[in-house]
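Novice: Just a sequence and a predicted model for now, questions to come.
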Amino acid sequence: MSAFVFDYFPLSVADTLAMVLFLSAWAGYTYYAKYRAKRSHTLSSAMRRHREQWMREMLRRDNRISDATIIGNLERVVTFFASTTILILAGLLTAIFASENLLSVLSNMHLSESVTKEAIQAKLFVMALIFVYAFFKFTWSVREHIFSSILIGSAPQANALTTLSEEQQERVALQAAKMSDLANHDFNHGLRAYYFALALLGWLVNVWLLLFATVWVIAVLYGREFNSKALRLLREDDAG
């Protein structure tokens, strides 16, 4: 039975191992980024502190139109990516049904190793699954931004803060900040899926290009999240 399944499995052993390494690298980097964010100064942790301060200032404002506008702008950005993901999925489904043409192009350009139409379809299907994952992350981020706007709307007015203790005020501010931070985390997970999906394009050529692209994507993400000019600027701001 196992031999029968292996004979009809569209991916080669090398492709399967490359896919396992790719997914392991993605999961490993995600865990590492989460671990670093809790224990050192990263872009995510720095922005979390700014969100907390934002919500503390929000409580002191009588007019919170600017806060609602910021949440709305963030929500529109995430909605744009969610809509774009749908278009990408439509394109990938079209490519799956037209895989013979893609195979012909790769063969004529001598870019791909000896592959079959079924193998290309399987690779495109894996890529489609990644964008499905990104779509779910983006749409959940949109809902979390909506929750953030509700928390801002339900926060006590500035003239009523005297009825709350400092601990209660801090709890309200941190709750709204945490919800906004959760929305940002899910948005980042969706963006990270985009980066790794781009690396997966190399899989259509050969496994070595996939592995090289995966390492390159991780290096780019690491540089932006842990060693970027934006992070250095935020560090200077915190030091000041």
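Specialist: Perfect, thanks for sending it.

Novice: Could you use CA atoms for every contact and neighbour count after this?
Specialist: Noted.

Novice: Find the helix or strand that the residue nearest to Gly202 when sequence neighbours are not counted is a member of.
Specialist: Nearest residue to Gly202, sequence neighbours excluded (Cα to Cα, 6 or more residues apart in numbering): Leu210, at 4.5 Å. Using DSSP states H and E, Leu210 sits in helix 207-226.

Novice: can you map out the helices along the protein?
Specialist: Using DSSP state H, the helices found in the chain span residues 2-8, 13-39, 43-60, 65-97, 99-108, 117-154, 166-200, 207-226, 229-239.

Novice: mean pLDDT lowest for which of the ones you listed?
Specialist: Here these differ in mean pLDDT, and the lowest is helix 2-8 at a mean of 43.

Novice: What is the burial count for Tyr133?
Specialist: Neighbourhood size, Tyr133 [other Cα atoms under 10 Å]: 16.

Novice: who touches the nearest residue to Ser141 once chain neighbours are set aside in this structure?
Specialist: Of all residues not flanking Ser141 in the chain, Ala183 sits nearest, at 4.5 Å (Cα to Cα, 6+ apart). Taking Cα atoms under 8 Å, 6 or more residues apart in numbering, we find Ala183 in contact with 140-145.

Novice: Buried among those? Make that a PyMOL selection.
Specialist: With 16 or more other Cα atoms under 10 Å as the criterion, this PyMOL line picks the buried residues out of these:
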select buried, resi 140+141+142+144+145
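
Novice: Go through the contacts of Ala183 and name the one nearest Asn63.
Specialist: Nearest to Asn63 among those: His145, at 19.4 Å, using Cα to Cα.

Novice: And the closest one, how close does it get to Leu210?
Specialist: From His145 across to Leu210, the span is 35 Å (Cα to Cα, to the nearest Å).

Novice: ok, now Met127?
Specialist: As judged by Cα to Cα, Met127 and Leu210 stand 12 Å apart.

Novice: who touches both of those two?
Specialist: Common neighbours of Met127 and Leu210 are listed as Leu200 (criterion: Cα under 8 Å, 6+ apart).

Novice: right, and the residue nearest to Gly202 touches Leu198 too?
Specialist: No - with contact defined as Cα atoms under 8 Å, Leu210 does not reach Leu198; the gap is 9.5 Å.

Novice: Quick check on Thr42: phi, psi?
Specialist: Dihedral angles of Thr42 (phi, psi; degrees, to the nearest 10) stand at phi -120, psi 170.

Novice: Nearest residue to it in space, please, no chain neighbours.
Specialist: Spatially, and ignoring its direct neighbours in sequence, Thr42 is nearest to Phe226 (5.5 Å; Cα to Cα, 6+ apart).

Novice: burial count for the one you found?
Specialist: Phe226: 19 surrounding residues under other Cα under 10 Å.

Novice: now do the one 5 residues further on
Specialist: Leu231 is surrounded by 21 other residues when neighbours are defined as other Cα under 10 Å.

Novice: Look up how far Ser165 lies from it.
Specialist: Counting by Cα to Cα - Leu231 and Ser165 are separated by 34 Å.

Novice: what's the burial count for Lys34?
Specialist: Other residues lying near Lys34 total 15 when counted by other Cα under 10 Å.

Novice: go on, Val13?
Specialist: By other Cα under 10 Å, neighbour count at Val13 equals 11.
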